[in-house]
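Asker: all I have is the shape, not the residue letters:
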Ligand SMILES: [Zn+2]
Ligand SMILES: [Zn+2]
């Protein structure tokens, strides 16, 4: 590594040294976000936004394919409406930003800036659902939401963030259960196959479920530092909102019934997951399928005659098959190498006078930094294949890491030792008592991440109290 | 018209009878919006949202093609920041919704829910622009904004609406002027060629320009009732924001200079324009290029053997070339005809046993209600062509209406008489004195819509004061 190269990389803290600082450095140096003027808010810059748009477009397509329609519901929720579901308001009230004045006038009733929109959809459903023919009602919206958090970090926890929130109403409990699971499958698909992040799938405990839900399904992923990140949740709301908002329909026999609801969402947190799963000490590593730029052409000795012309011709050729760009600025190639490594662009294409002579280019993949020489005539075949190899390799590496960082604990001593020395997911049996869950959190700061769909019996007794175990739970420290 | 047909159409008030009520009826019956629980807010329903997404996608593509990047800036603006540009805050403060509490805590400083985001971008630019190499900075965001309006109507004026706001910074006044004009051209392109709405293009008077701008360019369109609607604005902000926010750069000679800024936006108001320009007494008429569904297949006598199979096969065939859907519900064909006329779907495709026998379908165009029989083998050629004919016809009709509704007035008597008896645009000379502009507004409620780029001299003297005229102005009553 040349001197310049080294200097540049030193702009970010090594992840082994200080993971939190590494994260902050990458987010800043890769130009994903800047801080807003209100504490805890973020400005999503062009590169960060392009990543979000790619995630959003992919997910939006799948949400529509599964029969949902996009809508836009208002930002403001009257306080009285928010209070209609008791568990729900208790869960969200401490984090609500309140509008009290419009222009010069003080409002008769405070308005919540939406922390989530269940109650608005409930009010709408109560007016617009009459008969079983109106069901299911399958709505989704892409929106900004506000939660007044004390400590914040870009993408991971911020006062305002961006998400999609699905809200559906169904005739039966089974239909709602099927929807809840279907949307978890959609999230799994996008996160695993596009973001290249393997996930654990399961149900949240009563303590960790969504405020007001019957149950919550979740996908959990593991960051490079061994901490978990909840990456998407899908809630079966049962009939408790319907009862509070009087959302009923006449069934085929003319009998009035409560609807069964769901809600589900993923957020800009996914970008945080992307950074912490794939990133390294050179910066971001973006999976090809969602990379705004999949290949960056860096001309070598571009002042020499013909180099730039050939590079532009290459760009025009490749535009047909990949998302390609060229850096023809007068900065040194070494600077450009570092810059696009920092931004995690999957493939760098180098092309200099010697390559032109040999009718070849150099491909450098971001994930392994391996170089290969490819003849120009084979590039249209090789480049898409290489991008798929990178996509697969990122997933495989992340999965290997997740497996390696998953341990079993059968007693608290083991639990604490593993958590302290190794981190990651801990598989441990649980009796089902919330007291044990709380004790584990208090003593270790680890929380229950999920009760996995794929159950195993790693012991007979609860890791905490030693009583008879009910089910296997994954535990971890989490973001 | 059969009895059922008639009944259905009577759900909406005739536009000649009460245009405002017609508008409200259409918005509701075509299922574009519903009212939110907070006064003046709207719920954009699936069909309305699909129209907005099509407008947005088209515009977003053009905004990117012209070199702009999407970003997301925060929803909240500290009060002190909003107050930095004097004209700007005076223009917006009366309409601001204020957040005063976060959770249980009263905030040290009130936060404005963004009415527009100039000041946030200014603060960002002041920190991030250093050298001429950083310019131009070309940002855009799609966002919700809040303005505490007293009287509201869906799409036209609401407490919360959706828009894109472009914010750019340039090295020179000329560069900013070019950008201002370029984005007006982009708006013109989308509104004329996709929404099929002809526009007047020009500059706003000092009185009507954006609060804090050097000047504002505008596109103005004419509704069916003869009132104008401002459909998009592009502001040259000059250096006044730069001076207040200290946004400077070092030029090529190392000298510190203020940047020259622009901002520009279009909103969900465009949907209001769409309704009021093309709609009729049967409901909406959506131009094919932005119609969520371009052709709706209505099977006739669908219980007869083979009809539905053929209709599905037709749908599958047409999916390749147009946005097509089928209504295979057990509702009567007459109900379906009315429903999709109400929703303004450009073409209805009828197919019954006789048509199948003759290997043909019936195409009914929404704009003229004309029927034509087309053989199945020619459908792939005919249907896209028909859609383009409809697109063109809608534009031509709207342009003819706009021309017919544009009059000349050379004195106030003529002005008032034309405005009262005919409405529409009035071309009249103006001395340039704001006193005349205010007097005209006071006496007629008409406002200056724009000083058109294409100037004519329709008289020598000001229509109001009779002094020497400076320029031609288009006046109208406006939404
Ligand atoms: Zn226990
Ligand atoms: Zn005058």
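Answerer: Cool, got the structure. Only a predicted model underlies this, so the values are computations on that prediction, with no experimental measurement involved. Ligands and ions are numbered 1, 2, ... in the order given.

Asker: so which residues on the stretch 301-450 of chain A come close to ligand 1?
Answerer: By the rule CB under 5 Å from the ion, the part of the stretch 301-450 of chain A lying against ligand 1 is A:431, A:433, A:436. For glycine as for every other residue, the C-beta is placed from the backbone atoms N, C-alpha and C.

Asker: grab the nearest non-local neighbour of residue A:372.
Answerer: residue A:363 (5.2 Å; CB to CB, 6 or more residues apart in numbering or on different chains).

Asker: now for the helix or strand containing the one you found, which elements pack on it?
Answerer: In this assignment (DSSP states H and E), residue A:363 forms part of strand A:360-365. On a contact count with 3 or more CB pairs under 8 Å, 6 or more residues apart in numbering or on different chains; DSSP states H and E, strand A:360-365 meets strand A:347-351, strand A:371-375, helix A:379-404.

Asker: same thing but 6 Å
Answerer: For strand A:360-365, the packing partners by 3 or more CB pairs under 6 Å, 6 or more residues apart in numbering or on different chains; DSSP states H and E come out as strand A:347-351, strand A:371-375.

Asker: quick check: residue A:254 vs residue A:73, distance?
Answerer: Distance from residue A:254 to residue A:73, counting by CB to CB, to the nearest Å: 31 Å.

Asker: which one's more surrounded, those two?
Answerer: Shown here are residue A:254 and residue A:73; by other CB atoms under 10 Å in any protein chain shown, residue A:73 has more neighbours (25 against 8).

Asker: phi first, then psi, for the residue of chain A most remote from its centre.
Answerer: Residue farthest from the centre of chain A, counting by CA atoms, centre = their mean, is residue A:305 at 45.9 Å. In terms of degrees, to the nearest 10, the main-chain angles of residue A:305 are phi -60, psi 130.

Asker: distance of it relative to ligand 1?
Answerer: Going from residue A:305 to ligand 1 by CB to the ion, to the nearest Å gives 76 Å.

Asker: about what we covered before: only the buried subset of the residues of the stretch 301-450 of chain A next to ligand 1, as a ChimeraX command please.
Answerer: Paste this into ChimeraX to select the buried members of those, with burial taken from 16 or more other CB atoms under 10 Å in any protein chain shown:
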select /A:431,436
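
Asker: pipe the residues of the stretch 301-450 of chain A next to ligand 1 into TSV and attach secondary structure and pLDDT per row.
Answerer: Formatted as TSV, those follow (DSSP: H, G, I helix; E, B strand; the rest coil; pLDDT from 0 to 100):
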residue	secondary structure	pLDDT
A:431	coil	98
A:433	coil	97
A:436	helix	98
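
Asker: any idea how far the residue nearest to residue A:372 is from residue A:290?
Answerer: To residue A:290, residue A:363 is 20 Å away according to CB to CB.

Asker: more crowded one of those two?
Answerer: Taking neighbours as other CB under 10 Å, residue A:363 and residue A:290 compare with residue A:290 leading, 24 against 19.

Asker: quick check: that one touching residue A:194?
Answerer: Yes - between residue A:290 and residue A:194 there is a contact under CB atoms under 6 Å: 5.2 Å.

Asker: quick one, what contacts the residue in the stretch 101-250 of chain A that ligand 1 sits nearest to?
Answerer: Residue of the stretch 101-250 of chain A nearest ligand 1, by CB to the ion: residue A:205 (12.0 Å). Residue A:205 sits next to residue A:448 when contact means CB atoms under 6 Å, 6 or more residues apart in numbering or on different chains.

Asker: same question, the one 3 residues further on
Answerer: Counting by CB under 6 Å, 6+ apart, residue A:208 makes contact with residue A:448.

Asker: mind telling me what element residue A:450 is part of?
Answerer: Secondary structure from DSSP H and E places residue A:450 in strand A:447-452.

Asker: for that strand, packing partners?
Answerer: Contacts defined by 3+ CB pairs under 6 Å, 6+ apart place strand A:447-452 against strand A:200-203, strand A:215-222, strand A:471-476.

Asker: of all these, which one is nearest chain B?
Answerer: Proximity to chain B (CB to the nearest CB) singles out strand A:215-222 among the helices and strands packed on strand A:447-452, at 23.0 Å.

Asker: not counting its neighbours along the chain, what's nearest the residue nearest to the spatial centre of chain A?
Answerer: With distances taken as CA atoms, centre = their mean, the residue of chain A nearest its centroid is residue A:270 (1.9 Å). Excluding the flanking residues, the one nearest residue A:270 by CB to CB, 6+ apart is residue A:55, at 5.9 Å.

Asker: next SSE downstream of the helix or strand containing the one you found?
Answerer: In this structure, residue A:55 is located in helix A:46-65 according to DSSP H and E. Scanning forward in sequence from helix A:46-65 by DSSP H and E, the next helix or strand is strand A:69-70.

Asker: tell me the first helix or strand C-terminal of that following strand.
Answerer: Using DSSP H and E, the next helix or strand after strand A:69-70 towards the C-terminus is strand A:76-78.
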